[in-house]
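Undergrad: just need the structure, nothing else, for what follows:
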Amino acid sequence: MSLKQSAGDALMFNGDEKVIIVEGKSDKIKVREVLIEPAEIICTNGTIGQTELEDLADRLFDRDVLF
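TA: Coordinates of the predicted model:
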């Protein structure tokens, strides 16, 4: 996958049912502060292209995904 990840933000799909995809690290921090239930937050660090989006769709097809 070609999504850029900050240190500590590796794309690890840990089995949580819900996934939230955000654009930037500040968005990730804000969402994490208000999140009540367990969910994985993936930071794209900018707009992602069609190839990256299709790769995410393939990896997350059986999960609840929010953008």
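
Undergrad: so which residues of this structure form strands?
TA: For the chain, strands defined by DSSP state E occupy the ranges 18-22, 40-43, 64-66.

Undergrad: please name the nearest non-neighbouring residue to Gly46.
TA: Glu23 (6.5 Å; C-beta to C-beta, 6 or more residues apart in numbering). In this view, the C-beta of every residue, glycine as well, is placed from N, C-alpha and C.

Undergrad: residue contacts, that neighbour?
TA: The contact partners of Glu23, by C-beta atoms under 8 Å, 6 or more residues apart in numbering, come to Cys43, Thr44, Asn45, Gly46, Thr47.

Undergrad: also Ser26?
TA: Ser26 makes no contacts at all, as judged by C-beta under 8 Å, 6+ apart.

Undergrad: would you mind measuring from it to Cys43?
TA: From Ser26 across to Cys43, the span is 9 Å (C-beta to C-beta, to the nearest Å).
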